[in-house]
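**Q** Build the 3D model from these lines:
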Amino acid sequence: MNTNIQELAAVLASPKNIVIVPHKNPDGDAIGSSLAMYHYLTLLGHNASVIAPNEYPDFLKWMPGNEHILKFDTKRKIAKPLIEKADLIFTLDFNSLDRVEDMKPVLEKSKAVFAMIDHHEQPDDYAKYTYSDPKMGSTCEMIYHFIDSMEHREKINRDIATCIYTGIMTDTGSFRFPSTTSITHRVVADLIDKGAENADIHNAVYDTNGLSRLHLLGCALKNLVLLKEYNTVYITLNRKELEQFGFRKGDTEGFVNYGLSLKDVKFSVIFIEDTQEDFIKISLRSVGNFSVNALAREHFNGGGHINAAGGRSDLPMEETIEKFKTLLADYKEELTV
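**A** All right, here's what the predicted structure looks like:
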């Protein structure tokens, strides 16, 4: 726990107007942490609002409190005054205002005090209060520890426990990534004791598929390429394929992980052509000590964690793939050791 975050206890001792912001294209950890914080702050008597930069997948919309989330891109006239009137702004699951894109200018003009809770590397210094720990497997686990540090663990009710559990589960790859520690499991055990229905949560996130998504998964797996000499797999999905199978936001979540199920594969990447703009979205996953964060930061304008990162390419798909394959030669020793 960063020392200055303790000062927030005094700040939160009286009612405030508070805005909670996750990153653009929020995932389970971003939405889970935001809604958990929303419920917690509301219990403390604050006027809290969650403003997400844009839309997020349907498989996250079952979480308690989802109906209170405003999307900045479609509700700007409502969201902007809330930001302008805020006394305190929590930014969760990101550490650079570039991650909120169109919201950045509005946040930069705000006179509110900023508090950051995040587990990504190399945080920017825009926040007065910063709780940053890249060793944590999820921001949601950090929210649990934050509430505990406020001596409010007893306030974690079923709704808060459910939201926190969801983010921990999704960002740890259902508890299989190395960042999952014994402490993580103790936290999860407490969340279950407090009402999180672990089986129901897993089913809601992972087991509610439409036929079109399964067909899209089949297409992705058909496009899978194994580069045996690098213990690497890559998958491609172009715009035509996405449209053919009725792609909706979130449909490709988890596809990249299938590559890691192959024997000896240490590195899996999926390249997805954006349906609206001319760029390639890249998701990278690894096992062991191979840092996809370092590769994404250096070559694909991205970043994340050692074993899970994201990036983008402004080159066409074929050129992006060629660039990627050329880069692998520089990492051969790490991938084949």
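**Q** For residue 15, the count of nearby residues, please.
**A** Neighbourhood size, residue 15 [other C-beta atoms under 10 Å]: 12. (C-beta placed from N, C-alpha, C; glycine too.)
**Q** Residue 329 now?
**A** By other C-beta under 10 Å, the burial measure for residue 329, its neighbour count, is 10.
**Q** which ones are touching residue 86?
**A** Contacts for residue 86 were tallied using C-beta atoms under 8 Å, 6 or more residues apart in numbering; they are 17-19, 110, 112.
**Q** Go again with 10 Å.
**A** 16-21, 47-49, 51, 107, 110-114 (C-beta atoms under 10 Å, 6 or more residues apart in numbering).
**Q** By neighbour count, which of those residues wins?
**A** Greatest neighbour count in these, by other C-beta under 10 Å, goes to residue 21: 29 neighbours.
**Q** right, and it touches residue 53 too?
**A** Yes. Contact criterion C-beta atoms under 10 Å: residue 21 and residue 53 qualify, at 7.6 Å.
**Q** Mutual contacts of those two, please.
**A** Counting by C-beta under 10 Å, 6+ apart, the contacts common to residue 21 and residue 53 are 30, 72, 79, 94, 99-100, 103.
**Q** Secondary structure added to those residues, as TSV?
**A** Shown next, in TSV, are the shared contacts of residue 21 and residue 53 (DSSP: H, G, I helix; E, B strand; the rest coil):
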residue	secondary structure
30	helix
72	coil
79	helix
94	coil
99	helix
100	helix
103	helix
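**Q** Closest one to residue 139 out of these, please.
**A** Distance ranking of the shared contacts of residue 21 and residue 53 against residue 139, using C-beta to C-beta, places residue 30 first at 7.2 Å.
**Q** Give the full set of residues in contact with the closest residue to the closest one other than its chain neighbours.
**A** Distances taken as C-beta to C-beta, 6 or more residues apart in numbering put residue 22 closest to residue 30, at 3.6 Å, once the chain neighbours are dropped. Counting by C-beta under 10 Å, 6+ apart, residue 22 touches 29-35, 37, 50-53, 56, 69, 90-94, 99-100, 139.
**Q** rewinding a little: let me know the closest of the shared contacts of residue 21 and residue 53 to residue 10.
**A** Nearest to residue 10, judged by C-beta to C-beta, of these is residue 94 at 25.4 Å.
**Q** No further questions, thank you.
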